[in-house]
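> Pasting a predicted model and its sequence here:
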Amino acid sequence: MTASARPRRRRASPLPYLLILPTFIFVALFTIWPMLLAGYQSLFLQRLNMARYRTPTFTGFQNYVELFNDDRFHQVMLNTLIFVAGTVPVSIVLAFLFAMLVNQTLRGIGVARLFFFYPTILPLVSAATIWMFFFTPDYGIFNTTLRALGYTGPQNWTSNPSLALLSVMIVAVWKNAGYYMIFYLAGLQGLPQDVYEAAALDGASGWQMLWRITFPLLRRTTLFITTIAFISAFQTVDHIFVLTQGGPAGASTVLLYFLWEQRFEFLNVGIASALTVVLIAVLLVFTLTNFMLSERKEDAHAG
Amino acid sequence: MPGNVMGGGWRARLGRSALYIFTFALAIVWAVPMAWAVVASLRPPTDPLGRGDVWFALPLTLENYARALALAPFGQYYVNTIVVILMILAVQMVTITLAAFAFAHYNFPGKRVIFYLVLLQLMIPTTALLAPNFATIRALGLFDTRLAIAIPYFGSAFGAFLLRQVFLDIPRDLVDAGVMDGCRWWQLLRHIYLPPAVPTLIAFGLSSTAWHWNEFLWPLVITNSDKARPLTAGLVRFTQLGEIGAQWALLSAATLIVILPLFVVFLFFQKRFIQSFVYSGIK
């Protein structure tokens, strides 16, 4: 017998299937089925707020054609790209910085860790109601602080076309950096100390250790954080409902918010389904690419 | 500090002081929103928060909390949020334990396929599927119920895989001994697999609680009345009430009403919470 993993024994018993069944039923009903349903419904014209389009009519890929020719959709995709490409790296860099700082043995460092982490357990909508005041023109803390630093630009961030998206990005970064910090912190605490001692004996500087030892050893942690940060960035829309409602003129509308708007404000089932398919495709492409990249790198390391 | 192994001259000490100041300055910046919300919620409603006296002026009052509670049924929202979380936890604990046990203990045809199908839930978060899931909930006749908020989360790929990993780490000899002794599957699960997995279950439960306490978008679309609406959706509704306007003291009070219970629990069990987040993320 080979020393294979635990799984073994008992052919043709229905028991394992029955044990998985409860999980599988819910996954099938609320993950697999909706993916298929969205794909199917995206091929139909159906608008619940117009009597003549209430019953679905098959239109092939018309919804997709319409979307891809729609300037609003282009803007939404651009906004989403900016939101993801902006918040993910910034949150991760801050998370790493926080983790390095909090990993020092300093008096009261637990308080700093708490301050960095607590936004994680606040509902995003509550965070948004607080930040709404911060962004208030004239007397909001955000603006008074900026003014003290010499800023003279526009004040009404959440309703300024070129700043609305940035303001929802700031809140997202504030909310998430501390969450990603704890993974780096766990990673840092698991690093082998003797490597650093050896490097110090060899006369390596702090920066060299950071670049040559810490970063490479935390590669897996970074990959993991990138994956969850990316998936969560596409869902981070709650605060938009409070801060900007996607405006002004769609300036802060990202994919999931647009989807919600199409389905529940404009009652456009067909377009909302096509948008769901787009969202699924983006998520799948990213996670699968990420997965394959990490597998390949593991192989390279093993070999 | 006596016996400071870091040692070093004045430059090192200066560097450490600078680092210390930098760390705490940054931490305080991060804490300002919460601190501000607490202070603002305690200011008299008549106080225009615009002047420079926001932070330390007296008097303080609980009046805003009373008014917020009178303006919206936050008590009902609490009940709804808690009921939803309890439903989710109760069902998840059972489903993930059984699934993890099956994946860890048995070999069976189709295992890989089933594994990857369940894995899909990790890649495509339920939130992204709100439009088609809305149709499903309608078809099931569950619209505007607490069950509708909870039911998509009854199966958790995340929890199942997390637990499976713990189960796989259990020494094989132990399992074999159990099998030799003629344990039935539920005895194996109860006496050999589950005991070392309890910390993982707690960790998963804590992070699941925090996650569902904070969830907003799905409850927003799937509820339509206060009998099912949870705290987050209730808060957003509250902010949109006509008479609220820019009454920051009142808004802050409402915000804190939503945040406070989870936040207090978090402060008490901080270490455990943070560990649970790491633990449930990293494995």
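Thanks, I have the structure now. From a predicted model like this one, the values you see are computed outputs, not experimental measurements.
> Average pLDDT for the helix or strand hosting B:Ser17, rounded please.
Assigned by DSSP states H and E, B:Ser17 falls within helix B:10-41. In this model, helix B:10-41 carries a mean pLDDT of 88.
> and after it, which helix or strand comes next?
Helix B:10-41 is succeeded, C-terminally, by helix B:63-71 (DSSP H and E).
> what's that next one in contact with?
Helix B:63-71 has contacts (Cβ atoms under 8 Å, 6 or more residues apart in numbering or on different chains) with B:41-45, B:74-75, B:238, B:241, B:243-244, B:249-250, B:252-254, B:256-257. All C-beta atoms are positioned from the backbone trio N, CA, C, and that covers glycine.
> likewise stretch A:213-233?
Stretch A:213-233 is contacted from outside by A:83-84, A:87-88, A:91-92, A:95-96, A:172, A:176, A:180, A:183-184, A:186-188, A:191, A:195-196, A:199, A:283, A:286-287, A:290, A:294, B:123, B:125, B:281-282, using Cβ under 8 Å, 6+ apart.
> for it, which positions count as buried?
For stretch A:213-233, burial by neighbour count (16 or more other Cβ atoms under 10 Å in any protein chain shown) applies to A:213-214, A:218, A:221-222, A:224-233.
> Contact partners for the closest residue to chain B within the stretch 1-150 of chain A?
Per Cβ to the nearest Cβ, the residue of the stretch 1-150 of chain A with the smallest distance to chain B is A:Phe26, at 3.1 Å. Listed by Cβ under 8 Å, 6+ apart, the contact partners of A:Phe26 are B:Thr95, B:Ile151, B:Pro152, B:Tyr153, B:Phe154, B:Gly155.
> on that earlier part again, who are the packing partners of the helix holding B:Ser17?
Contact here means 3 or more Cβ pairs under 8 Å, 6 or more residues apart in numbering or on different chains; DSSP states H and E; on that basis helix B:10-41 packs against helix A:71-102, helix A:109-117, helix A:124-134, helix A:164-189, helix B:248-268.
> what would these look like in JSON lines with mean neighbour count?
Below are the helices and strands packed on helix B:10-41 laid out as JSON lines (neighbours: other Cβ atoms under 10 Å in any protein chain shown):
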{"stretch": "helix A:71-102", "mean neighbour count": "19"}
{"stretch": "helix A:109-117", "mean neighbour count": "20"}
{"stretch": "helix A:124-134", "mean neighbour count": "25"}
{"stretch": "helix A:164-189", "mean neighbour count": "23"}
{"stretch": "helix B:248-268", "mean neighbour count": "21"}
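> got those helices as CSV, with mean pLDDT columns?
Output for the helices and strands packed on helix B:10-41, formatted as CSV (pLDDT from 0 to 100):
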stretch, mean pLDDT
helix A:71-102, 95
helix A:109-117, 92
helix A:124-134, 90
helix A:164-189, 93
helix B:248-268, 89
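> Switch those over to TSV; also include distance to B:Leu163.
Below are those laid out as TSV (distance: least, Cβ to Cβ, whole Å):
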stretch	distance to B:Leu163
helix A:71-102	27
helix A:109-117	25
helix A:124-134	28
helix A:164-189	19
helix B:248-268	23
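> so which of those helices gets nearest B:Trp185?
Proximity to B:Trp185 (Cβ to Cβ) singles out helix A:164-189 among the helices and strands packed on helix B:10-41, at 33.8 Å.
> wait, does the closest one contact chain B?
Yes: on the criterion Cβ under 8 Å from any Cβ of the partner chain, helix A:164-189 is in touch with chain B at A:Trp174, A:Gly178, A:Tyr179, A:Ile182, A:Phe183, A:Leu185, A:Ala186.
> Please determine whether the helix or strand that that helix is followed by lies in contact with chain B.
Per DSSP H and E, the first helix or strand lying C-terminal to helix A:164-189 is helix A:193-201. No: using Cβ under 8 Å from any Cβ, we find that helix A:193-201 stays clear of chain B, coming within 12.1 Å at best.
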